[in-house]
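Asker: prediction below, plus the sequence it came from.
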Number of protein chains: 2
Amino acid sequence: MDEKLVPKEDAGRPPARQRVTMADVAARAGVSRTLVSLVLRNQPGAGAATRERVLQAAEELGYRPDSAAQMLARGRSAAIGVMMNLDQPFHAELVKAIYPAAEEVDYDVLVSAVAPGREEHKAAGALLGHRCEALILLVSDPESHATERLGGAVPTVVIGRKATTEGVDSVHTAEAKGVRQAVDHLVELGHRRIVHIDGGKGPGSSERRSAYRAAMRRHHLAEEIRVIPGAQDEDAGIAAGMLLQSEDSLPTAVLAANDRCAMGLMHALRSGGVDVPGEMSIVGYDDSHLSHLSHINLTTVRQDAISIAEQAVRCAVDRLANAALPGREIVLEPKLVVRATTARPRS
Amino acid sequence: MDEKLVPKEDAGRPPARQRVTMADVAARAGVSRTLVSLVLRNQPGAGAATRERVLQAAEELGYRPDSAAQMLARGRSAAIGVMMNLDQPFHAELVKAIYPAAEEVDYDVLVSAVAPGREEHKAAGALLGHRCEALILLVSDPESHATERLGGAVPTVVIGRKATTEGVDSVHTAEAKGVRQAVDHLVELGHRRIVHIDGGKGPGSSERRSAYRAAMRRHHLAEEIRVIPGAQDEDAGIAAGMLLQSEDSLPTAVLAANDRCAMGLMHALRSGGVDVPGEMSIVGYDDSHLSHLSHINLTTVRQDAISIAEQAVRCAVDRLANAALPGREIVLEPKLVVRATTARPRS
DNA sequence: AACTCGATATGAAGCGCTTCACTGTCGCGC
DNA sequence: GCGCGACAGTGAAGCGCTTCATATCGAGTT
């Protein structure tokens, strides 16, 4: 008899705090497990008094539903998986925005990060193992198209670049437009020698590169086109800054790969005694934390993390409702934020 | 008969890609589900040929074990939950280091981030719902002691400060020692007017504050003690930089709350024409990405994310093996990294 | 008085997996 | 030639939950 009651405690171990289960709550409230289930999910079917009793019992026992069991029983996880890269501050912004957006449509969020020794397919694989119903991939390597196929039939949204797989949605900003706005702004101020430090193989950089070229041509500045190979970090900006200063004459404006790159550039220039924006104007990209800072006050192109997140979640949910939807590409408008690092050229 | 075989497709919906389950793999390989389970977990008990056949069947079907079902059946999740704050770059470092450390001891990692509208107890609660066997809390608010109690009997490790709850372990660096090293270094260089910009209510800042005071006293510099209230971000550094420049005379050295704060300070000083380290030496705290950068080259106090992560995982695992362990406090040695922002005072 | 009905409650089945106890089948030693 | 252990493989139970079909009952309806 009591073997049945205490099946787990034979192993000589201390009483081994058993998990509080629904049955415990049911017993304490003197009702069936089914009813506990109903009450805890706010489903109708229980009387007010009973409901109260159940809630109290749950509270007293510190009951917490087991999400694994829930999902198994329900046949769905009610979770959206998000793959991110911890090195990218913008990813952090996106994830922060995805949480509320997913909650809005009653989904949990599972985060899986790419880390050294934990490549994209591993990170995304973990999400699939947890039976996430949809995947949102914040890619950092624009070449890694394999990951977006990993999901197979699971609705997948790629953030940061166009998806290349049939049936995979994507959300990103119109890089070209942002770059064009930046170039237009500089040209309007009177700049002609506008250099671009590119983002190497980072997300969006090839688009930005060609948009820069196109924008320059539109202003009949084809001869002034100059792309300095870079990356999306401070070091690239510093390197570019030193390169430029080692040359005969400085350009009057630089369009950096992103804010971090712009920061590095500014640092290098100011250390070298170059006045920004007096002698050189600088435009960043991202409108990250950095750029707001009072003394930095970087002119930059803003990508709106909140709308991106909302759109991505919406894509996922729509496709969840109708898997046959054709792949969508949602392109958001970036916005040039003019601050203090751009001005008329001196000459 | 065939009702049994296709129980789900009656609902008029399109064939509804069924999840590939172990039974599918078993059928295709012509063995029992049990055997598939064994093979997939590399357990002995299957012949080499069969094993091969099963693996191939799984491969062909794109089978992926359902971790919820696994955990339900096993009675354990084999996962460690990590609560982090996406705004803290150092948390990112820690999480990156926790992944491999956990893998080492055969645990998965579940990440749950604090975000606007998703407070600590919610983030940690989600982890508990997923039945994480242990919790690692990367706290950003040193006052939020309630979260560490949330886990109840679940092994909990707090990173970043001392735990205040019985039976909760903690891992952090010896703030005092790091600060002392920094002050010693500055004093050795000949500085006497050493100011500290504190980190407000950020993690570790009250410890650093009092360690600064103590270190100054040890050098008989009690009269020079000066703490400027700040925060752990660039803005605080900028504000402090402007404040200092508005005064009659500058101190010769500043110990900043952290690297970001130091960055802001440097920015403000250099914009104001103050030479670093010529006129003023600066020491940061964290040894984040930023400080390595060639042109920044910040002297700073390193906290070793990798060891912290390893220790935290070890604490969790140890307590998992023996819940009755007394609460441990693991204090790691910080290390002063001398770079280019500190030098002898000019005078 | 027999009935229907909504509100409240229950039991049993089953989600996909692991585990445990078990069945065959060999090959080997005595 | 028989028993025995090792190996290969199986079936059934059960993890904690949801869901479906069903039971119970007092109040209205006819």
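Answerer: Nice, I can see it. What you see is a predicted model; the values in this text were computed from it and never measured.
Asker: from here on, just use CA atoms for contacts and neighbour counts.
Answerer: Fine.
Asker: any weak-confidence spans in the stretch 151-300 of chain A?
Answerer: A:294-295 (pLDDT under 70).
Asker: how about the residue of the stretch 1-150 of chain A found nearest chain B, secondary structure?
Answerer: Using C-alpha to the nearest C-alpha, the closest approach of the stretch 1-150 of chain A to chain B is made by A:Ala68 at 4.5 Å. For A:Ala68, the assignment made with DSSP: H, G, I helix; E, B strand; the rest coil gives helix.
Asker: so it sits right up against B:Ala69, yeah?
Answerer: Yes. Using C-alpha atoms under 8 Å, A:Ala68 is in contact with B:Ala69, at 6.9 Å.
Asker: higher neighbour count, these two?
Answerer: A:Ala68 (23 against 17; other C-alpha atoms under 10 Å in any protein chain shown).
Asker: what does stretch A:173-187 rub up against?
Answerer: A:160, A:192, A:194, A:204, A:207-208, A:210-212, A:215-216, A:219, A:253, A:255, A:283, A:300-301, A:303, A:331-336, A:342 (C-alpha atoms under 8 Å, 6 or more residues apart in numbering or on different chains).
Asker: at 6 Å instead, please
Answerer: The contact list for stretch A:173-187, computed with C-alpha atoms under 6 Å, 6 or more residues apart in numbering or on different chains, reads A:Arg208, A:Ala211, A:Ala215, A:Val331, A:Leu332, A:Glu333, A:Pro334.
Asker: in JSON lines, list the residues you listed along with secondary structure, neighbour count and distance to DNA strand C.
Answerer: Below are these laid out as JSON lines (DSSP: H, G, I helix; E, B strand; the rest coil; neighbours: other C-alpha atoms under 10 Å in any protein chain shown; distance: C-alpha to the nearest atom of the strand, whole Å):
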{"residue": "A:Arg208", "secondary structure": "helix", "neighbour count": "23", "distance to DNA strand C": "44"}
{"residue": "A:Ala211", "secondary structure": "helix", "neighbour count": "20", "distance to DNA strand C": "47"}
{"residue": "A:Ala215", "secondary structure": "helix", "neighbour count": "22", "distance to DNA strand C": "53"}
{"residue": "A:Val331", "secondary structure": "strand", "neighbour count": "17", "distance to DNA strand C": "36"}
{"residue": "A:Leu332", "secondary structure": "strand", "neighbour count": "17", "distance to DNA strand C": "38"}
{"residue": "A:Glu333", "secondary structure": "coil", "neighbour count": "16", "distance to DNA strand C": "42"}
{"residue": "A:Pro334", "secondary structure": "coil", "neighbour count": "21", "distance to DNA strand C": "43"}
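Asker: what's the local residue count around the nearest residue to A:Ala305 once chain neighbours are set aside?
Answerer: Excluding the flanking residues, the one nearest A:Ala305 by C-alpha to C-alpha, 6 or more residues apart in numbering or on different chains is A:Leu94, at 5.2 Å. Residues lying near A:Leu94 (other C-alpha under 10 Å) number 21.
Asker: A:Leu94: which element?
Answerer: Assessed by DSSP states H and E, A:Leu94 sits inside helix A:89-104.
Asker: could you list the residues in contact with that helix?
Answerer: So helix A:89-104 is in contact with A:Ala305, A:Ile306, A:Ala309, A:Glu310, B:Leu86, B:Ala115, going by C-alpha under 6 Å, 6+ apart.
Asker: out of these, who has the most neighbours?
Answerer: A:Ala309 (25 neighbours).
Asker: ok, for it, nearest residue in space, not its chain neighbours?
Answerer: A:Ile98 (5.1 Å).
Asker: distance of the one you found relative to DNA strand C?
Answerer: 27 Å (C-alpha to the nearest atom of the strand, to the nearest Å).
Asker: so for A:Ala11, what pLDDT did the model give?
Answerer: Looking at A:Ala11, its pLDDT is 33.
Asker: next one, pLDDT for A:Arg346 please.
Answerer: If you check A:Arg346, the pLDDT there is 85.
Asker: please report how far it lies from A:Arg339.
Answerer: For A:Arg346, the distance to A:Arg339 equals 18 Å [C-alpha to C-alpha, to the nearest Å].
Asker: and the two? which has more neighbours close in?
Answerer: Remark: of A:Arg346 and A:Arg339, A:Arg339 carries more neighbours, 16 against 11, as counted by other C-alpha under 10 Å.
Asker: give the contact list for the more buried one.
Answerer: A:Asn297, A:Leu298, A:Thr299.
Asker: thought the last one was touching A:Val338?
Answerer: Pointing back at A:Thr299 there. Yes. The pair A:Thr299 / A:Val338 is scored as a contact, 4.6 Å apart, by C-alpha atoms under 6 Å.
Asker: which one's more surrounded, the two?
Answerer: A:Thr299 (25 against 16).
Asker: show me what that one is bridged to.
Answerer: Counting by DSSP bridges, A:Thr299 forms beta bridges with A:Val283.
Asker: per-residue pLDDT, the residue nearest to A:Ala309?
Answerer: Here the pLDDT value assigned to A:Ile98 is 97.
Asker: quick one on the thing from earlier: can you lay out the contacts of stretch A:173-187 as CSV showing distance to A:Ile136?
Answerer: Converted to CSV, the contacts of stretch A:173-187 look like this (distance: C-alpha to C-alpha, whole Å):
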residue, distance to A:Ile136
A:Arg208, 23
A:Ala211, 26
A:Ala215, 32
A:Val331, 16
A:Leu332, 17
A:Glu333, 20
A:Pro334, 21
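Asker: tell me which parts of the stretch 51-200 of chain A are close to DNA strand D?
Answerer: Residues of the stretch 51-200 of chain A lying close to DNA strand D by C-alpha under 7 Å from any atom of the strand are A:Arg64, A:Pro65, A:Asp66, A:Ser67, A:Ala69, A:Gln70, A:Met71, A:Leu72, A:Ala73, A:Arg74.
Asker: residue contacts, the third one?
Answerer: Taking C-alpha under 6 Å, 6+ apart as the criterion, A:Asp66 is in contact with B:Gly129.
Asker: give me the common contacts of A:Ala68 and B:Ala69.
Answerer: With contacts defined as C-alpha under 6 Å, 6+ apart, no residue is shared by A:Ala68 and B:Ala69.
Asker: quick check: phi and psi at A:Leu255.
Answerer: Main-chain torsions, A:Leu255, degrees, to the nearest 10: phi -100, psi 110.
Asker: quickly find the element holding A:Asp318.
Answerer: Here A:Asp318 is assigned to helix A:305-321, by DSSP H and E.
Asker: so where do the strands sit in chain A?
Answerer: A:79-85, A:108-114, A:134-138, A:156-159, A:169-173, A:194-197, A:226-228, A:253-255, A:281-283, A:300-302, A:329-332, A:335-337 (DSSP state E).
Asker: between the fifth one and strand A:134-138, how big is the angle?
Answerer: Yep, that's strand A:169-173 we're talking about. 30 degrees (axes from the mean of the first three to the mean of the last three C-alpha atoms, to 10 degrees).
Asker: related to what we said a few turns ago, out of the contacts of helix A:89-104, which two are the most distant from each other?
Answerer: A:Glu310 and B:Leu86 (18.3 Å; C-alpha to C-alpha).
Asker: elements contacting the helix holding A:Asp318?
Answerer: helix A:89-104 (3 or more C-alpha pairs under 6 Å, 6 or more residues apart in numbering or on different chains; DSSP states H and E).
Asker: buried residues, the helix it packs on. List them.
Answerer: In terms of neighbour count (16 or more other C-alpha atoms under 10 Å in any protein chain shown), helix A:89-104 has its buried residues at A:89-102.
Asker: again, but for stretch A:44-54
Answerer: Going by 16+ other C-alpha under 10 Å, stretch A:44-54 has these buried residues: A:Thr50, A:Arg51, A:Arg53, A:Val54.
Asker: which residues does the last one contact?
Answerer: In this case it means A:Val54. A:Ala29.
Asker: ok, now how distant is it from B:Ala97?
Answerer: To B:Ala97, A:Val54 is 42 Å away according to C-alpha to C-alpha.
Asker: returning to that earlier point: DNA strand C: which of the residues of the stretch 51-200 of chain A next to DNA strand D is nearest?
Answerer: Nearest to DNA strand C among these is A:Ala73, at 3.1 Å by C-alpha to the nearest atom of the strand.
Asker: run through the residues of the stretch 1-150 of chain A sitting next to chain B.
Answerer: Taking C-alpha under 6 Å from any C-alpha of the partner chain as the contact definition, the stretch 1-150 of chain A meets chain B at A:Asp66, A:Ser67, A:Ala68, A:Leu86, A:Ala92, A:Lys96, A:Val111, A:Ala115, A:Gly129, A:His130.
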